[in-house]
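[1] Give me a 3D structure for the following:
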Amino acid sequence: MSLQFIKHSKSLFAVLFGFWVLSAQAQIKWDLASAYPVSNFHTENLQQLAADVEKATGGSLKIVVHPNGSLFPANGIKRAVQTGQAQMGEVLISVLANENPIFGVDSIPFLATSYKDSEKLWKLSKNATESALQKQGLKVVYAVPWPPQGLYSKNPINSGADMKGLKWRAYNPATSKIAELVGAQPVTVQVADLAQAMATGTINSMMTSGATGVDIKAWESLKYYYEVDAWLPKNILMINQKAFDSLDKPTQTALLKACAEAEKRGTKVSEEKTKLYNETLAKNGMLVQKPSTQLKNDLDRVGRIMVAEWIRSAGDEGQKIIEDFKK
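    You can find the predicted model right below:
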């Protein structure tokens with residue numbers, strides 16, 4: 001082997017090694033914290049988003065999705081993103097309603113009960129939501145609704161009176177308030193602990209979507225599901241603003257484009273799967289039915305009380321959102 005060939009080989013190796021080092025250094029890795037199971041449509045949407053971003057950026061930005069509260073529990077995700085412990089996080093916006101009532105507008109019972117109304121309400125409250133989170137160093141990049149919230153119970157519920165004394169799963173201020181108004185006992189349970197809470201009898205009723213019911217196999221502990229279509233809560237995806245600002249412009253553009261596509265995709269899947277989720281509950285033995293007239297009237301009364309209370313807490317800004325929504 002000639003000396004010239006050896007020198008050439010070493011030079012080539014040095015160039016290739018240097019390129020590898022630069023490529024490795026150029027890749028940015030972000031953590032995305034989520035509270036929901038791998039099989040949940042929200043998590044699947046996030047996984048697709050991560051794949052789209054990696055492809056669009058040529059691998060320079062890699063997003064690692066951590067589902068089912070494995071990186072941070074549901075109630076700790078916002079804080080983790082705010083402090084930079086995770087660069088991205090998906091949260092149910094209404095769990096933050098205690099810090100700002102605007103975050104709970106989508107969970108006012110029987111206000112926006114369809115996908116069309118949910119979209120209208122989000123458009124009216126989006127700027128206020130984004131502004132409030134921006135002040136905390138958080139950038140909102142999408143919002144995807146859950147299917148309409150239904151009423152689950154171990155025993156039949158024919159009126160609001162039948163809800164008195166129930167051990168009611170609460171996961172945000174709105175669900176806690178419903179318990180108070182109907183005389184149920186609120187028990188705070190995050191989604192990762194929900195199946196166990198039902199199995200042990202910690203709760204025997206809740207209001208959540210068909211998607212969550214399927215995820216946790218609600219039929220193993222509960223018998224009745226009423227399609228009350230109470231509201232369509234939204235998950236929002238947020239980014240630590242400093243982390244976003246550290247990206248170059250092409251990467252920022254690719255990320256925001258992928259997020260916009262994920263918002264459309266997630267909303268479409270949510271709506272398309274609503275009927276399937278309810279059918280799955282029925283196929284597994286749950287009695288899926290419409291609420292009685294009395295139950296519907298009693299729940300509508302709860303909704304009217306909560307709309308009025310929300311407006312009082314949200315002030316003029318909240319009053320305008322509700323007035324514009326009802327136009």
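[2] ok, what's across the strand from the closest residue to Ile77 other than its chain neighbours?
    In space, and not counting its chain neighbours, Ile77 is closest to Gly89: 4.1 Å by CB to CB, 6 or more residues apart in numbering. For the C-beta atoms, the positions are set from N, CA and C on the backbone; glycine is no exception. Note on Gly89: beta-bridge partners Ala33, Met238, judged by DSSP bridges.
[3] Isn't Gly89 up against Thr83?
    No. In this structure, Gly89 is not within contact of Thr83 by CB atoms under 8 Å, at 10.9 Å.
[4] could you give the mean pLDDT of stretch 292-307?
    With pLDDT averaged residue by residue, stretch 292-307 scores 96.
[5] scratch that, stretch 31-46
    97.
[6] Go through that stretch and flag the buried ones.
    31-37, 40-46 (16 or more other CB atoms under 10 Å).
[7] closest to Glu220 among these?
    Glu220 lies nearest to Pro37 out of the buried residues of stretch 31-46, by CB to CB, at 15.2 Å.
[8] roughly how far apart are the closest one and Ser153?
    23 Å (CB to CB, to the nearest Å).
[9] go on, Val228?
    Distance from Val228 to Ser153, by CB to CB: 11 Å.
[10] Common neighbours of these two, please.
    Shared contacts of Val228 and Ser153 (CB atoms under 8 Å, 6 or more residues apart in numbering): none.
[11] Who has more neighbours out of Gly89 and Thr83?
    Counting neighbours by other CB atoms under 10 Å for Gly89 and for Thr83 shows that Gly89 has the greater number, 28 against 10.
[12] Name the SS class of the spatially most central residue of the chain, please.
    Geometric centre of the chain, nearest residue: Asn235, 2.6 Å, by CA atoms, centre = their mean. Secondary structure assignment for Asn235 (DSSP: H, G, I helix; E, B strand; the rest coil): strand.
[13] so it touches Glu90, yeah?
    Yes. Contact criterion CB under 8 Å: Asn235 and Glu90 qualify, at 5.3 Å.
[14] overlap in contacts of these two?
    His42.
[15] what ranges do the strands span in the stretch 151-300 of the chain?
    167-170, 185-188, 205-209, 224-226, 234-240, 287-289 (DSSP state E, counting those that start in this stretch).
[16] of all the ones you listed, which lies closest to Thr267?
    Here strand 234-240 is closest among those (CB to CB), at 9.5 Å.
[17] Distance check, Gln136 against Trp310.
    Using CB to CB, we find Gln136 at a distance of 21 Å from Trp310.
[18] Just want to know which of the two has more residues nearby.
    Remark: of Gln136 and Trp310, Trp310 carries more neighbours, 24 against 14, as counted by other CB under 10 Å.
[19] my read: the more buried one touches Phe103, true?
    No. Under the criterion of CB under 8 Å, Trp310 makes no contact with Phe103, lying 11.0 Å away.
[20] Can you list the low-confidence ranges for the protein?
    1-25 (pLDDT under 70).
[21] now the helices for it?
    For the chain, the helices defined by DSSP state H occupy 3-26, 41-56, 77-82, 115-134, 173-182, 194-199, 210-215, 241-245, 249-283, 293-326.
[22] I'd like these laid out as TSV, including distance to Ile157.
    Shown next, in TSV, are the helices of the chain (distance: least, CB to CB, whole Å):
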stretch	distance to Ile157
helix 3-26	57
helix 41-56	27
helix 77-82	32
helix 115-134	24
helix 173-182	10
helix 194-199	16
helix 210-215	15
helix 241-245	44
helix 249-283	16
helix 293-326	6
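[23] so which of the ones you listed gets nearest Ile108?
    helix 293-326 (5.4 Å).
[24] so how far is the closest one from its chain's centroid?
    22 Å (CA atoms, centre = their mean, to the nearest Å).
[25] Which other helices and strands does it contact?
    Helix 293-326 is packed against helix 115-134, helix 173-182, with contacts defined by 3 or more CB pairs under 8 Å, 6 or more residues apart in numbering; DSSP states H and E.
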